[in-house]
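**Student:** please work out how this folds:
(2 chains)
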Amino acid sequence: MSRGLLFAALAAALMIPHVVPPGTPPPASPAVMALAERIDALRPLAVVLVSFDFDAASAPELAPQAKALLRHLFQRHLRVIAVGQVPTGRALARRLLLEAAEATRKREGEDFVDLGWRPGGPALILAMGEDLRKAFPEDVRGIPSEALPCLRDVRILADARLIISFAQRDADAEAWLTYARRGHPIEIGAGTTAAGGPALAPFLKSGQLVGLITGLQGAAEYEGLLKTPGDGTRGLGAVTTGCRTLAVLVVLANLLAWRAKGRRP
Amino acid sequence: MNADLFHAWLASGLALAALSFLVRDNPASRLAEHLFAGLSVGYATVLAVKGTLLPSWWAPLRAGNLAGLFIPTLLGLLLLGSLHAATRRFAGWGLAALAGFGAGAAIPRILESHVLRQIHPALADLPGGGLVAWASLAASALVLLHTTATGTPGPVRKRLEGAGGLCLTAFLGAAFGAGVPGRFAVLQDQLTRLADACRPSLGCPALVLGAGIALVLLRARHDNSPR
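**Tutor:** Now for the predicted structure:
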């Protein structure tokens, strides 16, 4: 079987759900449900820090998660502080933030702020624990943090009720778990790729993570909770068809190899 | 030319050029690869200079805050020592200081979050955890034996080590399987964008550029074929 045929078969399988309407989102897993319930339990105007720790390489999995979760946060009238640990993902994160804000009629500076990216990783998280406005003196538009109404009563990281990291590497989400707490009772949730999910699962079990969204499956589950099927549900259909096609191709290739081996003298 | 049109042609061309690597290595795929790497580094550098170096170092320096900037500037200069052979050893001092600060901040916190907080939930499952918990423990022990055992094994240990190897293979297979949906999601996203870029209103950039890249590949194949 030629490589070209294999690529064509996989491409066709992945494109089938593009031409048919998306199906029903799957029921939410306990980890996804826990995160949504935690957000529902927050009082309006509570502060949620969202860290966009991904770039274009993982956007097909993490952007649908972020879209659904941001919509939920804004619908609940929570204040959102957006930051990021991956510099090449900042433009993408800003687009997601502005799209969700526009859909829910939220205003930048008052209902949400985009503080952008600054280098430092763990050191930056520690600095945010000491003084958030010193760690981020201004937002991405150049407006001083002191002048942003959204940050009026936010001095340190612990003033946020919940931190959610959308992490393409499990290490980015683990950085928040490791450095953000420092004795403060901040709750942390995460969204990660299908490959990163198993690495973060132990933190969910230990209670260090209040909820976890994993891959397109998690995004589709979250969209199901919000009753608005979108990119996650559509993408999950395509990926499922692709995985099934791959499984069939693997079995077929093994059968052909086995048959060819039997014919050899 | 409006922004949407420019974006559609540029994005389609680069995506098709990158995907053409599936057929074979070619100048278009190399161009796309170099462009992505260069743009990523350039973008991160501009962000670091504009977002950190200028407001956190240059602005206070111009304001005369020399005392507060002494240690960061010294560390930065030491790290820049790696640019020249004569000053390379000074870069090691800067790196040692950074690694020391990093380790000092990380070790107690990682011990707390990754070890102490994990012990209880990991052990709490075992007594009544059923087959899965005990099988996981047994598999871990077998993998440990497989990867650390030394010397000539007897018949029993040989079988146990073989079982450890099987467990390790199953683990690697599961890890690979977990990564497949992610890669499929990326491919599906790209294919969807390319399908969108076949619209006549944009000038069918995906079709036109796809045909162009196919011609380049065919030409390269023709040139490389034995005469």
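
**Student:** for chain B, which segments count as helices?
**Tutor:** Counting by DSSP state H, chain B has helices at residues B:3-19, B:27-48, B:59-62, B:66-80, B:88-110, B:117-124, B:130-148, B:155-196, B:205-224.

**Student:** the strands in chain A, which residues?
**Tutor:** Using DSSP state E, the strands of chain A run over A:47-53, A:79-84, A:112-117, A:162-167, A:187-192, A:211-214.

**Student:** turn the ones you listed into CSV, columns for mean pLDDT.
**Tutor:** Listed next are the strands of chain A as CSV, based on pLDDT from 0 to 100:
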stretch, mean pLDDT
strand A:47-53, 96
strand A:79-84, 96
strand A:112-117, 94
strand A:162-167, 96
strand A:187-192, 96
strand A:211-214, 96
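
**Student:** mind checking which of the ones you listed is nearest A:Ala101?
**Tutor:** Minimum separation from A:Ala101 across the strands of chain A (C-beta to C-beta) falls at strand A:112-117, 6.0 Å. Using the backbone N, CA and C atoms, a C-beta is placed for each residue, glycine as well.

**Student:** measure how the closest one sits relative to strand A:79-84, angle-wise.
**Tutor:** Here strand A:112-117 runs at an angle of 20 degrees relative to strand A:79-84 (axes from the mean of the first three to the mean of the last three C-alpha atoms, to 10 degrees).

**Student:** who are the packing partners of strand A:112-117?
**Tutor:** Here strand A:112-117 touches strand A:79-84, helix A:90-103, going by 3 or more C-beta pairs under 8 Å, 6 or more residues apart in numbering or on different chains; DSSP states H and E.

**Student:** any residues touching the longest one, and which ones?
**Tutor:** So that's helix A:90-103. Identification of contacts with helix A:90-103 by C-beta atoms under 8 Å, 6 or more residues apart in numbering or on different chains yields A:52, A:54-56, A:59, A:63, A:66-67, A:70-71, A:74, A:80, A:82, A:84, A:106-108, A:111-112, A:114, A:116-117, A:140, B:47.

**Student:** kindly recompute the last result at 6 Å.
**Tutor:** Here helix A:90-103 makes contact (C-beta atoms under 6 Å, 6 or more residues apart in numbering or on different chains) with A:52, A:59, A:66-67, A:70-71, A:74, A:82, A:84, A:112, A:114, A:116-117.

**Student:** stretch A:185-195 now?
**Tutor:** With C-beta under 6 Å, 6+ apart as the test, stretch A:185-195 has contacts from A:35, A:58, A:61, A:65, A:158, A:162-167, A:173, A:176-177, A:180, A:200, A:209-215, B:178-179, B:181-182.

**Student:** pLDDT at B:Trp134, what is it?
**Tutor:** B:Trp134 carries a pLDDT value of 81.

**Student:** which residue packs closest to it, ignoring adjacent ones?
**Tutor:** With sequence-adjacent residues excluded and distances taken as C-beta to C-beta, 6 or more residues apart in numbering or on different chains, B:Trp134 is closest to B:Leu126, at 7.1 Å.

**Student:** same question for A:Ala63.
**Tutor:** Closest residue in space to A:Ala63, ignoring its immediate chain neighbours: A:Leu96 at 6.1 Å, by C-beta to C-beta, 6+ apart.

**Student:** and that neighbour, what's its pLDDT?
**Tutor:** So, for A:Leu96, pLDDT stands at 96.

**Student:** and for it, the neighbour number?
**Tutor:** When neighbours are defined as other C-beta atoms under 10 Å in any protein chain shown, A:Leu96 has 23 of them.

**Student:** coming back round to it: identify the farthest-apart pair in the contacts of helix A:90-103.
**Tutor:** Greatest spatial distance in the contacts of helix A:90-103: A:Arg71 and A:Trp117, 22.9 Å, computed using C-beta to C-beta.

**Student:** where does the stretch 51-200 of chain A come near chain B, residue by residue?
**Tutor:** Proximity of the stretch 51-200 of chain A to chain B, by C-beta under 6 Å from any C-beta of the partner chain, involves residues A:60-61, A:87-88, A:118-119, A:177-178, A:193-195.

**Student:** sorry, back to before: A:Arg71 and A:Trp117 - which one has more neighbours?
**Tutor:** Higher neighbour count among A:Arg71 and A:Trp117: A:Trp117, with 25 against 20, using other C-beta under 10 Å.

**Student:** my guess is that one meets A:Val86, correct?
**Tutor:** No: at 7.2 Å, A:Trp117 does not count as touching A:Val86 under the criterion of C-beta atoms under 6 Å.

**Student:** sorry, back to before: my guess is the residue nearest to B:Trp134 meets B:Ala135, correct?
**Tutor:** No: under the criterion of C-beta under 6 Å, B:Leu126 makes no contact with B:Ala135, lying 11.4 Å away.

**Student:** re earlier: dump the helices of chain B into a markdown table; add mean neighbour count as well.
**Tutor:** Listed next are the helices of chain B as a markdown table, based on neighbours: other C-beta atoms under 10 Å in any protein chain shown:
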| stretch | mean neighbour count |
| --- | --- |
| helix B:3-19 | 17 |
| helix B:27-48 | 14 |
| helix B:59-62 | 12 |
| helix B:66-80 | 13 |
| helix B:88-110 | 13 |
| helix B:117-124 | 13 |
| helix B:130-148 | 13 |
| helix B:155-196 | 16 |
| helix B:205-224 | 15 |
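
**Student:** who's in contact with stretch A:149-165?
**Tutor:** For stretch A:149-165, contacts defined as C-beta under 6 Å, 6+ apart pick out A:42, A:46-51, A:53, A:79, A:110, A:113, A:128-129, A:132, A:145, A:173, A:176, A:180, A:184, A:186-190.
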